[in-house]
Each structure stands twice: as C-alpha cells, then as structure tokens.
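A.B. asks: sequence plus the predicted model coming up.
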Amino acid sequence: MFRHLLVPLDGSPMAESVLSATADLVRRLSAHVTLLHIIERGAPKTVHGERHLTQPAEAESYLRGVAEWFVSEGVRADFLVHRDGADVAKSIADGATEIGADLVVLCTHGWSGLRGFLFGRVAQQVLRWGTIPVLLIQPSTEGRKEPFSCRRLVVPLDGSGMAETALPAASAVAHAFEAEVLLMWVVPTVATVCGERGAAMKLMPSAAAALLDAEAAQAGTYLERVGARLREEGVKISVEVGRGEPIRVLIDTVAKREIDLIVIATHGRSGISAVWAGSVTSRILRYSTRPILLIRIPGAPPRSE
C-alpha cells in the first residue's frame, strides 16, 4: 500500500526523529523515500536552537547528508528543495503529489513554519490539501538514532464505513511488521455522554444505561465481524469494547496494552464520525506519546473545527 514515502525536514536534529522509523518502514515495505526541505517565506533565523536553512544550496547539502545516512542504513533516498513556501502545509501536500508519494512522515514538533499551531492541526492541514496519509512521530533527543518498534497497532472504530477507511493501512503495516491489530470501539457511559444526547440521557439514567449496554453488545458483535474478515487476510486481530470518555479510554488502553501505533481515519480537520468526531486527532496528539497514522476519508470534505 505504501510504496513512496515523503519526509519533510527543516534541518533540526529534532525533526530527524522520524528517520529511523522511515528507514525501517522503507525496508519492510520495499518502498522508496524522498526527503523534502521547504525554503519558507519569512523564515526565522533559527529553529529549535539551530540555524535555519534558508538558502537552496545549504538545504541541498543538508539533505544530501541525510540521504547518505539512509544509504548507510541500506536504503536509497532522493531529495528535493521547494522554494518560497508561503504555506508550509500546502507545500508538503504539493510536494507529495508532485513525486507521487503515498505517505508523508512528519515529526510532531519538527517544523519551524508550524510555530504557533498545534501540530495536529497542521498535519490535518496537509490532509486538507490532499488525500495522502500522514504518519506523525513524536520528537526525541536521540534524533535519527531513535529506535522504532511496531508490534501492536490500534484502530478506533465506531461502526461506520468512514472509520473503516483506516483498516487497509493498518493491515498493510501489520503484515510488514508481523504486528497485532487491536480493533477498538468506545461506548460512553451515562456520565460521559456529551451534548444534547447526554442531557437527555441524564434525565432517565436507568433507561439510558440499559441502552448504552445494548450498544456495547452490538459494538462487540461488529468488532468480531470486522476482525474475522481481517483474520482471513492473515492479520493477527484482537478486539475490545471500552466504556467511558472515548479519548481518555483510548489513551489509557494504548498505555496498558503497550500499543506502538494508532491508525485513525480523519476528515482532514476534525475527526471521524460518531463518538470520535470533533478535533479528535488534536486531542489524541495532546495526550498520546505514540506515533499516529492519519488516513484521509475518500471524498470527505474538510470539516471546520
């Protein structure tokens, strides 16, 4: 599924936290990698304490050095420099389209041009300009030496076809790493239902609790059905129905089960449907220390925050 990875870099060691994971992905997926630096319009003189790369020649020299590192890791890498990046997110999306990339790999705090933004929003901005999946990896003081592990993945589902958009990508990564995929649906409790539905349920708590218990049972049946389909494709699957506030339950499960990667479908600016809707990616990024793979829902227009 992923055959050409695009890795935007700004020249800082922090942004290089994605390199080890990228090299591992390229080897396991038999893919190719292209490195990208964007000469940002009005860029600051420094980024993360390092001198900013503002000239094409120095950017090319830097990327050539990173490409040589990839060669030492057994991976061939190309590179390119985009000039006059007025909108960094759009430049990333345009660069991915230009080279035919099918995955963008970003460090969550690696881009100088993203200052002032919650990075989750910027990643979704990249998705807003295109449909190419984005893999977000947390920064590390180890930089390019940061090891990457992918033994267990989680895919949050809600019973909709839109949420299932994440499944092919999760399956591809699971096959490549011989990893286990956890399919998870979180059904709220009466105390954690939000909005108008929550207000109505709190007026009849006993009936509401019974209704939510029935939803949880249906969720379990649905997850088993989806899991059976993936098992036929050779994917190791486990399922879990959580109860409570969706994001909190998901993050707790990620920690408890030692999940290495979260794979989630997105509209591009807000989250997926039902209980996962509403700036989901930004909230997950705020609390999770695990890599997150964002898959754009085909044909879904970006939704406002």
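C.D. replies: Received, thanks.
A.B. asks: which residues touch the residue lying closest to V193 once chain neighbours are set aside?
C.D. replies: The spatially closest residue to V193, leaving aside those adjacent along the chain, is M201, at 5.3 Å (Cβ to Cβ, 6 or more residues apart in numbering). For glycine as for every other residue, the C-beta is placed from the backbone atoms N, C-alpha and C. Contact criterion Cβ atoms under 8 Å, 6 or more residues apart in numbering gives V190, V193, A208, L211, L212 as the residues in contact with M201.
A.B. asks: now those in TSV, with distance to R27, neighbour count and pLDDT?
C.D. replies: Output for the contacts of M201, formatted as TSV (distance: Cβ to Cβ, whole Å; neighbours: other Cβ atoms under 10 Å; pLDDT from 0 to 100):
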residue	distance to R27	neighbour count	pLDDT
V190	48	17	86
V193	45	19	78
A208	51	18	83
L211	49	13	88
L212	45	18	91
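A.B. asks: tell me the one of the residues you listed nearest V81?
C.D. replies: Proximity to V81 was ranked across those by Cβ to Cβ; first place goes to V193, at 50.1 Å.
A.B. asks: for the closest one, phi and psi?
C.D. replies: V193 has phi and psi values of phi -70, psi 130 when expressed as degrees, to the nearest 10.
A.B. asks: distance of it from A217?
C.D. replies: As for V193, its distance to A217 is 17 Å (criterion: Cβ to Cβ, to the nearest Å).
A.B. asks: one more: E180?
C.D. replies: Counting by Cβ to Cβ - E180 and A217 are separated by 24 Å.
A.B. asks: so between those two, which is more surrounded?
C.D. replies: Between E180 and A217, counted using other Cβ atoms under 10 Å, E180 has the larger neighbour count: 17 against 12.
A.B. asks: mean confidence for the strand or helix carrying V104?
C.D. replies: With elements delineated by DSSP states H and E, V104 resides in strand 103-107, which encompasses its position. Mean pLDDT, taken over the full extent of strand 103-107, equals 91.
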